[in-house]
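Asks: Here is a sequence with its predicted model. Questions after.
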Amino acid sequence: MKHAEQLSILKNTEKWDVIVIGGGASGLGTALDAASRGYKTILVEAVDFAKGTSSRSTKLVHGGVRYLEQGDIHLVREALKERGLMVKNAGHLVKNQSFVIPNYNWWGGSFYTMGLKIYDILAGRLSLGSSKYISKKKTIEMLPNVAENGLKSGVIYHDGQFDDSRLAINIAQTAVEKGACLLNYMKVVHLLKDDKNQVIGVEVQDHETGDKYILKGAAIINATGVFTNAIMKLNDTAYKKYIVPSQGIHLVFDKSFLPGDHALMIPKTSDGRVLFAVPWHNRIVVGTTDTLIKKQSLEPVALESEIEFVLETAKRFLAKKPTRADVLSVFAGLRPLAAPKEEGKSTKEVSRSHKIIVSETGLITITGGKWTTYRKIAEDIINKAINTGKLQKKPCITEHLAIHGNKTTTTLDRENHLYIYGSDIPKIIEWQQNDPELKEKVHPDHEFTMAEVLWAIRHEMARTVDDILARRVRLLFLDARAAIQSSEKVARLLAQELGHNEVWINKEILNFKKIAKGFLLPEFQ
């Protein structure tokens, strides 16, 4: 997946079958679905792939235990099926994760055990393991740092856990392998319409050169997540709100706050939400919140009230109490929830099911949805394009399509941090062996190497320090201070590979530091 090659394809193609706007989970999934069916497909992303919501999730591939409580059986069943397919199609990135719910009242054990048995049944043959009631002693054994005061019992269940932006990059690579053209830093500035007010293409602008291109196509798909309303402004004559952004934040701590391999799930926090503490890349990710936000942003910042809520809830359930000084990184993400019909509906009541809108202009827009169901969302979008007469009928083949890097769990050593590269691991190791400089660590306290940085530049279309340290090697999400300290080293290799000068390097470092500040608590910025 090389930028120059993709740009050349864009310049030399006159007409597309499918044009996808937006390079998050839904957009990338759609490009892969379309290309694998044999449609001539292009995807354009204004910044980097998965820069928004799709890199800022709770890192879970799940049916949604709380949607079960809300009675949304259809969404849960669909998501559980997709979870099972993701484990098979991207085994290097999606794994079976056990979760323990600690119970502090006598009825909790049986109540949650019964609910989770329904969860298991809905998963059917794609189940990751059955849930069961466990004793207080077993709960403490599985969650060594759980608060013991008042603990009565526990319930264990299974769900999926993954690396979100790594999967996004691998889906992008798979789409390219299937013949799609994908470009990041290519922004849609205008929708092209014919004399019947039908959308027939887009005008895009290259962020790096300022060059503009006209792309014409049969089916135009708007998969811009929290930025949906902005594209709709280019499309509609009258302004209407299609999505409402809801913010979720996560705090990252070191492993000592939850030793062992099990995740902690708190089914009812003080405000009635669910909170997770999940092992991820040898750290613990704790979240999330659900706060309605007035306007969307590329770099959402955690609110003080959200930080305090997550910290206070974690303190109530952990024996070793995390403090603000223990926070290695804080990240905020925006969910693109389909705008409710009635104003004032709380975010936890707004359905996470996806909704496909076909405008009078023929533009096809996807709203809502979640990472776990990205493949099904994509299938539904392309089917909608077929049903509206924009594409010739061709069957979807993604249900059993392996994603780039796919490797079965049995042949994967998850103790080696390179496991996320799956079948590409031997090539990265070969680079490290052939060049001692590439064996060097990006940061002395972390295992990532310069070979991974080079891999991101040459094979994963990384164009900036942020692309690399946030979404390719994830250091910004795991330890924001270490990421800031590594920025110059990464900027210099980028400049060397992409032909940039010292002025670019300095500007790039400053830009990254500005972004990274948002991943630190205010007093440590």
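Replies: Nice, thanks for sending it over.

Asks: List the buried residues of the helix or strand of the chain with the lowest mean pLDDT.
Replies: One helix or strand of the chain scores below all others by mean pLDDT, DSSP states H and E: helix 65-69, with a mean of 76. For helix 65-69, burial by neighbour count (16 or more other CB atoms under 10 Å) applies to 65, 66, 67, 68. The C-beta positions use only the backbone N, C-alpha and C, and glycine is treated the same way.

Asks: Beyond that helix, next helix or strand please.
Replies: Next along the chain after helix 65-69, taking DSSP states H and E as the criterion, comes helix 73-89.

Asks: pLDDT below threshold where in this protein?
Replies: Applying pLDDT under 70 to the chain flags residues 239, 340-352, 409.

Asks: buried residues in the helix or strand hosting residue 311?
Replies: Residue 311 belongs to helix 304-317 when assigned by DSSP H and E. Neighbour counts over helix 304-317 (16+ other CB under 10 Å) mark 306, 307, 309, 310, 311, 313, 314, 317 as buried.

Asks: Now stretch 301-317 - C-alpha only, PDB.
Replies: The C-alpha trace of stretch 301-317 is given here as PDB (Å, rounded to 0.1, in the frame of the first residue of the first chain):
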ATOM      1  CA  VAL A 301     -10.300  16.500  24.600                       C
ATOM      2  CA  ALA A 302     -11.400  14.700  27.700                       C
ATOM      3  CA  LEU A 303     -13.600  16.900  30.000                       C
ATOM      4  CA  GLU A 304     -12.500  17.200  33.600                       C
ATOM      5  CA  SER A 305     -15.900  15.700  34.800                       C
ATOM      6  CA  GLU A 306     -15.200  12.600  32.600                       C
ATOM      7  CA  ILE A 307     -11.700  12.200  33.900                       C
ATOM      8  CA  GLU A 308     -12.900  12.400  37.500                       C
ATOM      9  CA  PHE A 309     -15.800  10.000  36.900                       C
ATOM     10  CA  VAL A 310     -13.500   7.300  35.400                       C
ATOM     11  CA  LEU A 311     -10.900   7.700  38.200                       C
ATOM     12  CA  GLU A 312     -13.500   7.700  41.000                       C
ATOM     13  CA  THR A 313     -15.200   4.600  39.600                       C
ATOM     14  CA  ALA A 314     -11.900   2.800  39.200                       C
ATOM     15  CA  LYS A 315     -10.900   3.600  42.700                       C
ATOM     16  CA  ARG A 316     -14.100   2.100  44.100                       C
ATOM     17  CA  PHE A 317     -13.400  -1.300  42.500                       C
END
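
Asks: any idea how far it is from the chain center?
Replies: From the chain centre to the centre of stretch 301-317 is a distance of 22 Å (CA atoms, centre = their mean, to the nearest Å).

Asks: so residue 329 sits right up against residue 519, yeah?
Replies: Yes: with contact defined as CB atoms under 8 Å, residue 329 reaches residue 519; the gap is 4.9 Å.

Asks: shared neighbours of these two, anything?
Replies: Residues touching both residue 329 and residue 519 (CB atoms under 8 Å, 6 or more residues apart in numbering): 476, 477, 480.

Asks: give me the number of residues near the last one?
Replies: It stands for residue 480. 27 (other CB atoms under 10 Å).

Asks: what's the spacing between the residue lying closest to it once chain neighbours are set aside and residue 20?
Replies: Excluding the flanking residues, the one nearest residue 480 by CB to CB, 6 or more residues apart in numbering is residue 519, at 3.8 Å. To residue 20, residue 519 is 29 Å away according to CB to CB, to the nearest Å.

Asks: repeat for residue 128
Replies: Applying CB to CB, the value for residue 128 to residue 20 is 31 Å.

Asks: Report the contact partners of residue 150.
Replies: Counting by CB under 8 Å, 6+ apart, residue 150 has contacts residue 104.

Asks: Excluding residues flanking it in the chain, which one is nearest residue 465?
Replies: Nearest non-adjacent residue to residue 465, counting by CB to CB, 6+ apart: residue 512, 4.1 Å away.

Asks: Help me confirm that that neighbour comes into contact with residue 487.
Replies: Yes: with contacts counted by CB under 8 Å, residue 512 reaches residue 487, the gap being 4.7 Å.

Asks: for this protein, what's the longest helix?
Replies: When the chain is parsed with DSSP state H, its longest helix is helix 480-498.

Asks: Show residues contacting it.
Replies: The contact list for helix 480-498 (CB under 8 Å, 6+ apart) reads 328-330, 442-443, 445-446, 450, 453-454, 457-458, 462-465, 468-470, 475-476, 500-502, 504-505, 508-509, 512-513, 516, 519-520, 524.

Asks: Could you export the shared contacts of residue 329 and residue 519 to a markdown table, including columns for distance to residue 371?
Replies: As requested, these are exported to a markdown table (distance: CB to CB, whole Å):
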| residue | distance to residue 371 |
| --- | --- |
| 476 | 19 |
| 477 | 15 |
| 480 | 23 |
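
Asks: bridging residues for residue 187?
Replies: residue 205 (DSSP bridges).

Asks: what's near enough to touch it?
Replies: By CB under 8 Å, 6+ apart, the contact set of residue 187 is 44, 46, 204, 205, 207.
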